[in-house]
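Peer 1: For reference, the sequence and a predicted model appear below.
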Amino acid sequence: MELFRRLYRRFALLVHELAKFGTIGAIAFVIDFGGTNLLRYGIGLGPLSSKAIATVVAATFAYLGNRYWTWRHREQSGLAREYVLFFILNGIGLLISLLVIGFVTYTLGLNDPLSYNFALILGTGLGTLFRFWSYKKWVFLEPDTSVTLTEPETASRSG
């Protein structure tokens, strides 16, 4: 019975984290998607630079939302460390998106807004899967729950 309780608690926490991550991600997606399209079709920047600029803005929002809401219960290993790791991992996520956009735009030669936005959504989705996994693994660490018994406590428990 205890096994089922532990599984439920672990699964419930994951669902809770996924819901919060999804909420922050949805808002960041609107910033990223809207910003990319505004820069690409409103201002006329290139397909890759539009995505890169919008992603930096969205990633800044996502870092703050994830640090102070999604994973606020996790260990804080230093703002500078987290921020640097977060943006390195976002850079990898951005690279995934840029590879998809570049492939659709330059390799397939599809330059219309529908193809661009399809590539944008696909690349963002693949990058998001990578980011969720990597944030949990390297940026927002599990709190240290190990309990170290002192000498007197150990002796009193054994005797």
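Peer 2: Everything's here; your move. Computed from a predicted model, the values in this text were never measured in an experiment.
Peer 1: which residues in this protein form helices?
Peer 2: 2-37, 47-65, 79-102, 113-134, 151-158 (DSSP state H).
Peer 1: Let me know which of these is tucked in deepest.
Peer 2: Across the helices of the chain, averaging neighbours per residue (mean count of other Cβ atoms under 10 Å) puts helix 47-65 on top, at a mean of 19. Where you see a C-beta, it was placed from the backbone N, CA and C, and this is true even at glycine.
Peer 1: packing partners for it?
Peer 2: helix 2-37, helix 79-102 (3 or more Cβ pairs under 8 Å, 6 or more residues apart in numbering; DSSP states H and E).
Peer 1: among the helices of the chain, which is nearest residue 142?
Peer 2: helix 2-37 (10.3 Å; Cβ to Cβ).
Peer 1: got the angle for the closest one vs helix 47-65?
Peer 2: In terms of direction (axes from the mean of the first three to the mean of the last three Cα atoms, to 10 degrees), helix 2-37 departs from helix 47-65 by 140 degrees.
Peer 1: so residue 124 sits right up against residue 29, yeah?
Peer 2: Yes - assessed by Cβ atoms under 8 Å, residue 124 is found in contact with residue 29 at 6.5 Å.
Peer 1: Now tell me which helix or strand of the chain has the poorest mean pLDDT.
Peer 2: Least confident helix or strand of the chain, by mean pLDDT, DSSP states H and E, is helix 151-158 with a mean of 48.
Peer 1: so what's the residue nearest the centre of the chain up against?
Peer 2: By Cα atoms, centre = their mean, the chain has its centre lying nearest to residue 131, at 3.9 Å. Residues near residue 131 by Cβ atoms under 8 Å, 6 or more residues apart in numbering: 89-90, 93.
Peer 1: which stretches of the protein have low pLDDT?
Peer 2: Within the chain, the stretches with pLDDT under 70 are 73-77, 143-159.
Peer 1: at 50 instead, please
Peer 2: Within the chain, the segments meeting pLDDT under 50 span 147, 149, 151-152, 154-159.
Peer 1: Export the helices of the chain as JSON lines, with columns for distance to residue 71.
Peer 2: Converted to JSON lines, these look like this (distance: least, Cβ to Cβ, whole Å):
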{"stretch": "helix 2-37", "distance to residue 71": "7"}
{"stretch": "helix 47-65", "distance to residue 71": "10"}
{"stretch": "helix 79-102", "distance to residue 71": "10"}
{"stretch": "helix 113-134", "distance to residue 71": "11"}
{"stretch": "helix 151-158", "distance to residue 71": "31"}
